[in-house]
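Q: predicted model and sequence below, questions to follow.
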Amino acid sequence: MTRTDEVWKTATLSKNFLEGVRGAIPLAAEQLDILIRILQLSGSPLKTILDLGCGDGILGLTILKQYPTARVTFLDFSETMIAAAQQNIQPDFPDAEFLIKDFGTPDWLQSVQPIAPFDAIVSGFSIHHQTDQRKQELYGEIYQLLAPGGVFLNLEHVASASQLGENLFDQLFVDSLHGYHQNLGSHQSRAEIDRQYYSRADKTANILAAVELQCDWLRTLGFTDVDCFMKLFEIALFGGIKPD
């Protein structure tokens, strides 16, 4: 099967996302706040953390600000994304580690097994580019990499259960993009932003699955306390804990 996620290796697409989309994600601050709250209440020591498909490193950086002595590894298959993460993180956290690896195949495990197990593995808007079969395999690999009591949290783009839900999400995101670009000084109309949103190069790379289905996969693997902790149309924060 031809992989559609390879488009994210291109510097242009990664740069466009970081500069023109990342800051427009609705309720981004609230998502990060909830992620930290879950980690704080999980009971995990949070000494070793993996940010999987890290992009510009926002999840791992948020954790580092709360746990500055933690060992955080940032992994992505895009050189542009890793460069952005290094720029954001290394000035304040020079001991952070960065890996250019592709979790789309099991080979990525070789690069992180020497530093496993992890007290927490987090991922943001990345795993949905994999097929459902690969998602399930990856969740199993994550389970094996976690220490007993370790936490997995996935902040993800998930499938809507209805056309209404999908339409609501699309309208919300276009409104958010329009407002974000206006604040940056752009004079693009909402209609122009709308056209760009629906014709974007990465749209075919999205392979969305329902959050309920993905939570069931985690339960089947053995995760406990599995839940969807936050959901806004097609944005969901879900995960679970590996039993002691």
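A: Looks like it arrived, so ask away.
Q: contacting residues around the helix or strand where residue 123 lies?
A: Applying DSSP states H and E as the criterion places residue 123 in strand 118-124. Residues outside strand 118-124 that contact it (Cβ atoms under 8 Å, 6 or more residues apart in numbering): 35, 39, 42, 44-55, 58-60, 63, 142, 145-147, 149-156. The C-beta positions use only the backbone N, C-alpha and C, and glycine is treated the same way.
Q: buried only: go through those for me.
A: Neighbour counting by 16 or more other Cβ atoms under 10 Å classes 35, 39, 42, 44, 46, 48-55, 58-60, 63, 142, 145-147, 149-156 among the contacts of strand 118-124 as buried.
Q: just the ones of these in strands?
A: Secondary structure assignment by DSSP state E places 48-52, 146-147, 149-156 of the buried ones among the contacts of strand 118-124 in strands.
Q: and residue 206, what does it touch?
A: By Cβ under 8 Å, 6+ apart, residue 206 lies in contact with 128-129, 157.
Q: would a markdown table of these with distance to residue 96 and neighbour count be doable?
A: Putting those into a markdown table (distance: Cβ to Cβ, whole Å; neighbours: other Cβ atoms under 10 Å) gives the following:
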| residue | distance to residue 96 | neighbour count |
| --- | --- | --- |
| 128 | 25 | 21 |
| 129 | 24 | 23 |
| 157 | 25 | 20 |
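Q: list just the nearest of those to residue 135.
A: Checking the contacts of residue 206 against residue 135 by Cβ to Cβ gives residue 128 as the nearest, at 7.9 Å.
Q: for that closest one, which non-adjacent residue is spatially closest?
A: Spatial nearest neighbour of residue 128, excluding adjacent residues (Cβ to Cβ, 6 or more residues apart in numbering): residue 157 at 4.8 Å.
Q: find me the pLDDT at the one you found, would you?
A: For residue 157, the model assigns a pLDDT of 97.
Q: got it, and residue 195?
A: Predicted confidence (pLDDT) for residue 195: 94.
Q: for it, give its distance to residue 204.
A: 17 Å (Cβ to Cβ, to the nearest Å).
Q: same thing with residue 74?
A: Applying Cβ to Cβ to residue 74 and residue 204 gives a distance of 26 Å.
Q: next one: residue 65
A: Distance from residue 65 to residue 204, counting by Cβ to Cβ: 35 Å.
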